[in-house]
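> no sequence for this one, just the structure:
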């Protein structure tokens, strides 16, 4: 059976690399390894007629080298308020079974940890956004400041071929920590905020 789906909303991302994120330019991670993730807040969404609006999902990973080497260990967190039917839809989506950015994340993943379910607290304010996901993940974004004047720098990445978004506001993480199957903290490093719009279909 062919499943069709659509969704749009906001996306928060952070990692252990320096500002700019080399992955965006097909370059090696700043410090050799890659540790980071994304959080999607679905303002609108539908999966084979099932509404997904208002739900949240997160994906994060550890890779000993560049992601394209496909050695990542990945984990997903799904919104605990999702109904059983919505959970099933989100599990299929985030496993990369029906396309979207998760198909690429699945392709670079060598090991999946069991998915987690938690409450999401998301505050959307462009590069001043923040999120808390149960006790598993915390992320707070901020703009990059000029090192001399301390004024806010306005930086954007326009990438029409981007698979998570095509335009992202580039900033820094005021807080970024993961305490789940994977554990790390990379506050003060790369972060981004964007709006996303996806659609796809596949056999499920």
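Happy to help now that I have it. The model shown is predicted, which means the values in this text are computed figures rather than measured ones.
> Give me the most central residue, this protein.
Centroid-nearest residue in the chain, with CA atoms, centre = their mean: residue 38, separated by 1.4 Å.
> okay but that one is in contact with residue 56, surely?
No: counting by CB atoms under 8 Å, residue 38 stays clear of residue 56, with 11.0 Å between them. For every residue, glycine as well, the C-beta is placed using N, CA and C.
> Tell me the secondary structure of residue 24, please.
helix (DSSP: H, G, I helix; E, B strand; the rest coil).
> ok, now which ones touch it?
Shown here is residue 24, whose contacts under the criterion CB atoms under 8 Å, 6 or more residues apart in numbering are 157, 159, 162.
> can you rerun that using 7 Å?
When the contact criterion is CB atoms under 7 Å, 6 or more residues apart in numbering, the partners of residue 24 are 157, 159.
> State the distance from it to residue 47.
Spatial separation of residue 24 from residue 47 under the definition CB to CB, to the nearest Å is 28 Å.
> again with residue 83
In this structure, residue 83 and residue 47 are 12 Å apart, going by CB to CB.
> related to what we said a few turns ago, roughly how far does the residue nearest to the centre of the chain sit from residue 49?
With distances taken as CB to CB, residue 38 is found 26 Å from residue 49.
> cool, and residue 186?
Distance, residue 186 to residue 49, using CB to CB: 39 Å.
> What count of nearby residues applies to residue 62?
Number of residues near residue 62 (other CB atoms under 10 Å) recorded here: 22.
> Where does it sit: helix, strand or coil?
Local secondary structure at residue 62 is given as strand here, using three-state DSSP.
> surely it meets residue 36?
No: the pair formed by residue 62 and residue 36 falls short of the contact definition of CB atoms under 7 Å, at 8.9 Å.
> Report the secondary structure element holding the closest residue to residue 9 other than its chain neighbours.
Closest residue to residue 9 in three dimensions, ignoring its sequence neighbours and counting by CB to CB, 6 or more residues apart in numbering: residue 43, at 4.0 Å. According to DSSP states H and E, residue 43 maps onto strand 34-47.
> picking up where we left off before, neighbour count winner among residue 83 and residue 47?
Neighbours around residue 83 and residue 47, counted as other CB under 10 Å, are more numerous at residue 47. The numbers are 21 against 11.
> circling back to that earlier point, quick one, what contacts the residue nearest to the residue nearest to the centre of the chain when sequence neighbours are not counted?
Excluding the flanking residues, the one nearest residue 38 by CB to CB, 6+ apart is residue 13, at 4.6 Å. With contacts defined as CB under 7 Å, 6+ apart, the neighbours of residue 13 are 36, 38, 191-192.
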